[in-house]
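Asks: All I have is the shape, not the residue letters:
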């Protein structure tokens, strides 16, 4: 394979969508709370590398199962990249990813270790168990604290922000898995969304987003931008809820809930000054 082909396969295996979203939220929250630019930069760089390690480890660890399932969307499953290379890339990214935030804030760096370790436990097997949602709760719930712990002196965010982050994680997990529930079941996965089924998981994801929107509205008392984002969040979540509960749920539920989750991120960023 050419170097260009290898680079493309690495990018494909990195789960760039979620990686860039989580990295962008980290950057946005750090700026919103007023942390020093150099501290925000170090944490954001660490988060990017940590998330790359999570994405690459996921495809490395799942290569055998993905190959058996005939997954053509995974480079490690169809021979476009050697799983051993993904393993190497995951660890090469992991070490500096964990170390970079340390000069910015030891408390934030320690929490970032928990964040990344939680995501790795998902890849290492928790995603196939009934507690598959736990790493999402831990990691997303810690995002507001990662930002406020960059401040001098470090401080913990209010409860509503942590709860809203955790709710965002639940919604992200459910909405991300819903389209593949049946295929995952066939492969033997028994994660929480697979056990609940697409309809229930989609409906719960929408309800959790609605709950998070209420938490932000009450806790942050948002300005015009945040309020608009919350109203759009509620609208998208209601569309997702109705679609999920329909007689024949379609991908509309998944798309609506994902849109609601992204809008919730905007609302949380707009509420950053209240953290």
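Replies: Okay, I see it. From a predicted model like this one, the values you see are computed outputs, not experimental measurements.

Asks: Which of the residues in stretch 153-160 are classified as buried?
Replies: Residues of stretch 153-160 classed as buried under the neighbour-count rule (16 or more other C-beta atoms under 10 Å) are 157, 158, 160. (Each C-beta comes from the backbone N, C-alpha and C, glycine too.)

Asks: In space, what's closest to the last one - neighbours in sequence excluded?
Replies: Taking C-beta to C-beta, 6 or more residues apart in numbering as the measure, residue 160 lies nearest to residue 219, with 3.1 Å between them; neighbours along the chain are not counted.

Asks: for the host helix or strand of that neighbour, the distance to its chain's centre please.
Replies: Under the assignment given by DSSP states H and E, the secondary-structure element containing residue 219 is helix 198-220. When distances are taken as C-alpha atoms, centre = their mean, to the nearest Å, helix 198-220 is centred 16 Å away from the chain's centroid.

Asks: That helix: what's the following helix or strand?
Replies: Following helix 198-220 in sequence order, the next helix or strand is helix 224-244 (DSSP H and E).

Asks: got the angle for that following helix vs helix 198-220?
Replies: 160 degrees (axes from the mean of the first three to the mean of the last three C-alpha atoms, to 10 degrees).

Asks: Average pLDDT for stretch 171-181, rounded please.
Replies: Averaging pLDDT along stretch 171-181 gives 79.

Asks: Could you tell me how far that stretch lies from the centre of the chain?
Replies: Chain-centre distance of stretch 171-181: 11 Å, with C-alpha atoms, centre = their mean.

Asks: what does that stretch contact?
Replies: Stretch 171-181 is touched from outside by 18, 132-133, 136, 140, 184, 191-194, 197-198, 201-202, 204-206, 208-209, 212, 240, 251, 253-254, 257-258, 260-261, 264, with contacts defined as C-beta atoms under 8 Å, 6 or more residues apart in numbering.

Asks: Whichever of these end up buried, select them in PyMOL.
Replies: Taking 16+ other C-beta under 10 Å as the burial criterion, the selection of buried members of these in PyMOL is written as:
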select buried, resi 132+133+136+140+184+191+192+193+194+198+201+202+204+205+206+208+209+212+240+253+254+257+258+260+261+264
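
Asks: quick one: residue 240 from residue 215, how far?
Replies: Spatial separation of residue 240 from residue 215 under the definition C-beta to C-beta, to the nearest Å is 18 Å.

Asks: repeat for residue 151
Replies: In this structure, residue 151 and residue 215 are 22 Å apart, going by C-beta to C-beta.

Asks: Can you name the residues that contact residue 52?
Replies: For residue 52, the residues meeting the contact criterion (C-beta under 8 Å, 6+ apart) are 14, 19, 89, 90, 93, 97.

Asks: can you pull the buried residues of the helix or strand containing it?
Replies: Following DSSP H and E, the helix or strand that holds residue 52 is helix 37-61. Taking 16+ other C-beta under 10 Å as the neighbour-count basis, helix 37-61 is seen to contain the buried residues 39-40, 42-61.
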